[in-house]
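Undergrad: Sharing a sequence plus its predicted fold:
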Number of protein chains: 4
Amino acid sequence: MSANDAKNARTAMTIAEMQAIMDTSPFIKFNGMRIISADPQTSTIVVEMALRPELERLPGTGQWHGGALSGFIDTVGDFALVLGIGGVVPTINLRVDYLRPATTLILTATARVRRAGRTVGVVDVDVEDSEKRLVAVGRACYGMQPG
Amino acid sequence: MSANDAKNARTAMTIAEMQAIMDTSPFIKFNGMRIISADPQTSTIVVEMALRPELERLPGTGQWHGGALSGFIDTVGDFALVLGIGGVVPTINLRVDYLRPATTLILTATARVRRAGRTVGVVDVDVEDSEKRLVAVGRACYGMQPG
Amino acid sequence: MSANDAKNARTAMTIAEMQAIMDTSPFIKFNGMRIISADPQTSTIVVEMALRPELERLPGTGQWHGGALSGFIDTVGDFALVLGIGGVVPTINLRVDYLRPATTLILTATARVRRAGRTVGVVDVDVEDSEKRLVAVGRACYGMQPG
Amino acid sequence: MSANDAKNARTAMTIAEMQAIMDTSPFIKFNGMRIISADPQTSTIVVEMALRPELERLPGTGQWHGGALSGFIDTVGDFALVLGIGGVVPTINLRVDYLRPATTLILTATARVRRAGRTVGVVDVDVEDSEKRLVAVGRACYGMQPG
């Protein structure tokens, strides 16, 4: 572990602290996102979300609406930066590729910071279903001033 | 009006028909999207959405979470194609640029088809607040086989 | 014309000034981009480019390679901001949708600033062939500090 | 190695075959792209490109113009699919995030297929300079019918 890594590890937020920030947001809380793990060394965070009826594409199908996935990706990408910065940052833009219908009760998003610059951060987000199939990939960029 | 336009106008769905399809989706219905106008000649559709508490970024601020906007853009872009095709199409990918915080009760999305090809359709979506400020712009591409 | 518009019009660069900046860049000069018009009131710029053999997808077909179009879009989007800012700005990210094969000798890109914020600018770029068919659409965001 | 992997390995193109296809394109040949390695098991391809004067942002700086990188990413992403499909496919859309100025003589792009569906393929492309710094990341989607 380098001096810089040590510093990151010292200042990184805990999962409980980040979950508390998430739960402050009515949108995130309603969506029920739950942080599973976070690694400040690799700037990676893993978050789960369970399908609730309001997020279904068609009633009783168990298929997620794509809009629920885009909000999931936007949020989890943000918290991959929160881990190092300590506060939520504004999304500049967001891109989502839908690869397969998402049809399992639980989805898991893994977000990894690709670049944390002075003014812009770029994060990749993979979303898998509970069978480990990749259902969507996201990439987003954020401003680096929490606010 | 050309013969082709006449054909489009003849086969285009009505607002009531499209709203009924929207309301079949738990996700869209929960978000309360409401079609205001649709023009099959220009392949343009205008849809409104009102802030509900579950879509707020922070409680009591009146600010929309970006995830609510991305789901709005995805859906309204799709229905700009539904207007001509007659059925919902799968999103291939979605991109959203956030331009300003969205803080009015009502947001209005205007979606316009840029290209309806044989296999792929591309749609632009502008989202304005009730002061006519542009708060976000979206662009999405969709497969052209309803299903 | 508002006071603010008047200010923009006063400070906006001329086409000759912007063309001189373009021609300083070996990449842009090799691609032969030529500014046709610029409107500081609407933050819009129109630029032409002629196919040269090195930009063809396959020899003798007259079809542009998509990579030539993405460089065209990136550059023209930048100069829509240059018009108001007075200097070239760094591209944060770029997105291009290819709508039809581009097969005419001349292509024309029209770039329009959608948002010039304090730190980020967003520009839309439409590329048409000489038959006025839309061959590609681009959207890019740029940092707002010239450098 | 599964039966399916064996089939892929059998039918995958060789580097020499893919390089020959690349060199048929005036655009790719002018840019001097050279395939370094290809792995059909992981659908990954590595391609190098050397800065030539026509690709410089400003004369004598050794800095690549972003437009050269976007053409590089578009092409290398395509050939990650060519590896399995056996022919060049049309780009549907392309997105590039620029992370750092690219200033080394050689750049290396690594493209990995994230999803090769029936009609759409999605590929991620990382571009590194010769110091192994990540200078840009791309993601593109392609139609799956070679033509």
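TA: Now that the structure is in, tell me what you want to look at. Keep in mind that this is a model prediction, so the values were computed, not measured. Residues are numbered from 1 along each chain as shown, chains lettered A, B, ... in the order given.
Undergrad: do the lengthiest helix in chain A and chain D meet at all?
TA: Criterion DSSP state H: the longest helix present in chain A is helix A:66-85. No: interface with chain D: helix A:66-85 contributes nothing (CB under 8 Å from any CB of the partner chain), its closest point being 12.5 Å away. Backbone N, C-alpha and C define where each C-beta goes, glycine included.
Undergrad: quick check: angle from that helix to helix B:66-85?
TA: 150 degrees (axes from the mean of the first three to the mean of the last three CA atoms, to 10 degrees).
Undergrad: is helix A:66-85 anywhere near chain B?
TA: Yes: judged by CB under 8 Å from any CB, helix A:66-85 and chain B are in contact via A:66-68, A:70-72, A:74-75.
Undergrad: try stretch A:135-147
TA: No: counting by CB under 8 Å from any CB, chain B has no neighbours in stretch A:135-147; the shortest distance is 9.0 Å.
Undergrad: Distance from that stretch to the middle of the chain?
TA: In terms of CA atoms, centre = their mean, to the nearest Å, the centre of stretch A:135-147 is set 9 Å apart from its chain centre.
Undergrad: Could I get the buried residue list for that stretch?
TA: For stretch A:135-147, the neighbour count (16 or more other CB atoms under 10 Å in any protein chain shown) marks A:135-144 as buried.
Undergrad: How about stretch A:117-130?
TA: Buried-residue list, stretch A:117-130, by 16+ other CB under 10 Å: A:119-129.
Undergrad: Please list which of those are also close to chain B.
TA: Within the buried residues of stretch A:117-130, nothing lies near chain B by CB under 8 Å from any CB.
Undergrad: how about the strands in chain A?
TA: Shown for chain A, the strands assigned by DSSP state E span residues A:34-39, A:44-50, A:91-98, A:106-116, A:120-129, A:134-143.
Undergrad: so what's the most centrally placed residue in chain A up against?
TA: In chain A, the centroid-proximal residue (CA atoms, centre = their mean) is residue A:76; its distance is 1.1 Å. Residue A:76 is in contact with A:33, A:45, A:47, A:109-111, A:125, counting by CB atoms under 8 Å, 6 or more residues apart in numbering or on different chains.
Undergrad: looking at chain A, which helix or strand is least sure?
TA: The helix or strand of chain A with the poorest confidence is helix A:3-11; it has a mean of 48 (mean pLDDT, DSSP states H and E).
Undergrad: if I look at the closest residue in space to residue A:92 that isn't next to it in sequence, how far off is residue A:110?
TA: Spatial nearest neighbour of residue A:92, excluding adjacent residues (CB to CB, 6 or more residues apart in numbering or on different chains): residue A:141 at 4.7 Å. Distance, residue A:141 to residue A:110, using CB to CB, to the nearest Å: 18 Å.
Undergrad: can you check residue A:98 too?
TA: Residue A:98 is 17 Å from residue A:110, by CB to CB.
Undergrad: From the neighbour counts alone, determine which of these two ranks first.
TA: residue A:98 (26 against 17; other CB atoms under 10 Å in any protein chain shown).
Undergrad: Report the contact partners of the residue nearest to residue A:53 when sequence neighbours are not counted.
TA: Among residues not flanking residue A:53 along the chain, residue B:26 sits closest, at 5.6 Å (CB to CB, 6+ apart). With contacts defined as CB under 8 Å, 6+ apart, residue B:26 is in contact with A:53-59, A:65.
Undergrad: Those, buried ones only, as a ChimeraX selection?
TA: Typed into ChimeraX, the line below selects the buried ones among the contacts of residue B:26, using 16+ other CB under 10 Å:
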select /A:55,56,57,65
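Undergrad: Among the contacts of residue B:26, give me the pair with the biggest separation.
TA: Farthest pair in those (CB to CB) is A:54 and A:58. Separation: 12.8 Å.
Undergrad: Please pick the buried ones from the contacts of residue A:76.
TA: Buried among the contacts of residue A:76 by 16+ other CB under 10 Å: A:33, A:45, A:47, A:109-111, A:125.
Undergrad: re earlier: check whether the residue nearest to residue A:92 really touches residue D:97, as I assumed.
TA: Yes: Residue A:141 is within contact range of residue D:97, at 6.4 Å (criterion: CB atoms under 8 Å).
Undergrad: shared neighbours of the two, anything?
TA: With CB under 8 Å, 6+ apart, residue A:141 and residue D:97 have common neighbours A:122, C:92-93.
Undergrad: Go through those residues and name the one nearest chain B.
TA: Using CB to the nearest CB, residue C:93 comes nearest to chain B of the shared contacts of residue A:141 and residue D:97, at 9.6 Å.
Undergrad: count of residues packed around the closest one?
TA: Around residue C:93 there are 28 residues (other CB under 10 Å).
Undergrad: Then residue A:60?
TA: Residue A:60: 8 neighbours (other CB under 10 Å).
Undergrad: Name the residues of chain A found near chain D, please.
TA: So far as CB under 8 Å from any CB goes, chain A lies against chain D at A:95, A:97, A:99-100, A:114-115, A:117, A:122, A:124, A:134, A:137, A:139, A:141.
Undergrad: make it 7 Å
TA: A:95, A:97, A:99, A:114-115, A:122, A:134, A:137, A:139, A:141 (CB under 7 Å from any CB of the partner chain).
Undergrad: Nearest to chain C among the residues you listed?
TA: For the residues of chain A next to chain D, the nearest to chain C is residue A:141 (6.3 Å; CB to the nearest CB).
Undergrad: Could you tell me how far that closest one is located from residue C:42?
TA: 27 Å.
Undergrad: And the pLDDT for the closest residue to residue A:105 other than its chain neighbours?
TA: The spatial neighbour of residue A:105 that comes closest, neighbours along the chain excluded (CB to CB, 6+ apart), is residue A:51 at 5.4 Å. What the model reports as pLDDT for residue A:51 is 98.
Undergrad: Quick check on residue A:51: phi, psi?
TA: In terms of degrees, to the nearest 10, the main-chain angles of residue A:51 are phi -70, psi 130.
Undergrad: From residue D:13, how far out is the closest residue to residue A:68 other than its chain neighbours?
TA: Nearest residue to residue A:68 in three dimensions, chain neighbours excluded: residue A:55, at 4.1 Å (CB to CB, 6+ apart). To residue D:13, residue A:55 is 42 Å away according to CB to CB.
Undergrad: For chain A, give me the ranges with low pLDDT.
TA: A:1-11 (pLDDT under 70).
Undergrad: and if we set it to 90?
TA: Across chain A, the stretches falling below the confidence threshold (pLDDT under 90) are A:1-12, A:145-147.
Undergrad: Show me what from it comes close to chain C.
TA: A:92-93, A:119-120, A:141, A:143.
Undergrad: change it to 8 Å
TA: A:92-93, A:95, A:119-120, A:141, A:143.
Undergrad: what's the closest of the residues you listed to residue A:22?
TA: Within the residues of chain A next to chain C, the smallest distance to residue A:22 is 19.1 Å, found for residue A:143 (CB to CB).
Undergrad: If we ignore the residues flanking it in sequence, what's nearest that closest one?
TA: Nearest one to residue A:143, counting by CB to CB, 6+ apart, is residue A:90 at 4.8 Å.
Undergrad: how near is residue A:53 to residue A:28?
TA: For residue A:53 relative to residue A:28 (CB to CB), the value is 18 Å.
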